[in-house]
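K.L.:
Sequence first, predicted coordinates after that:
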Amino acid sequence: MSHLVGIETYTEYIHKDILFIHGHQFTIFKDYNKIVKKLLNTYVLFQKILPKKLILFIEHWESKILNSRNLVKNGAHKFAKHKNVKSIICGHTHYADEVIFEDVITYFNTGCWVDDKKMTYITIKDDNIKLNQFKMEE
């Protein structure tokens, strides 16, 4: 991914008791091979030139049909337990989410800033993590 964005990227990052991770690791494509990885990188590059309806269809297919939202949430929860952290923050699904599991691990998904979805983001102040929604001023 570093070659696409031009800066150093991390597969995971832990600060205090918070784990930051993309989330694709927990979907059915987690073990994709080099060819599929190249195709996915190409998809990212072509998002700017492919028709918007096709991009929305692909995202809908992955999220709804392949159940990636729940796969990411449940996979992230298990991984947070394994890493012994209190909170995990992911992206990947493009759907904002906040869940406190029975074992008190908190899962956050940052959501999305494209298309007609809610523009959501995470803020962290001291030990408080909050999922926010950006509101346009009129």
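P.N.:
Noted; the coordinates are in hand. Computed from a predicted model, the values in this text were never measured in an experiment.
K.L.:
element containing His92?
P.N.:
Using DSSP states H and E, His92 sits in no helix or strand.
K.L.:
number of nearby residues for it?
P.N.:
Per other C-beta atoms under 10 Å, the neighbour tally for His92 reads 21. For the C-beta atoms, the positions are set from N, CA and C on the backbone; glycine is no exception.
K.L.:
The one 10 residues further on too?
P.N.:
Glu102 is flanked by 6 other residues according to other C-beta under 10 Å.
K.L.:
Then His22?
P.N.:
15.
K.L.:
mind checking the backbone torsions on it?
P.N.:
Backbone torsions of His22, given as degrees, to the nearest 10, read phi -60, psi -50.
K.L.:
State the distance from it to Thr93.
P.N.:
10 Å (C-beta to C-beta, to the nearest Å).
K.L.:
What residues sit buried inside the lengthiest helix in the chain?
P.N.:
Identified as the longest helix of the chain according to DSSP state H is helix 68-83. For helix 68-83, the neighbour count (16 or more other C-beta atoms under 10 Å) marks 68-69, 71-73, 75-77, 79-80 as buried.
K.L.:
Looking at these, spot the one nearest Met119.
P.N.:
Closest to Met119 out of those is Arg69 (18.0 Å), distances taken as C-beta to C-beta.
K.L.:
Please name the residues that touch the closest residue to that closest one other than its chain neighbours.
P.N.:
Nearest non-adjacent residue to Arg69, counting by C-beta to C-beta, 6 or more residues apart in numbering: Thr93, 4.7 Å away. By C-beta atoms under 8 Å, 6 or more residues apart in numbering, the contact set of Thr93 is 23, 63, 68-69, 72, 109.
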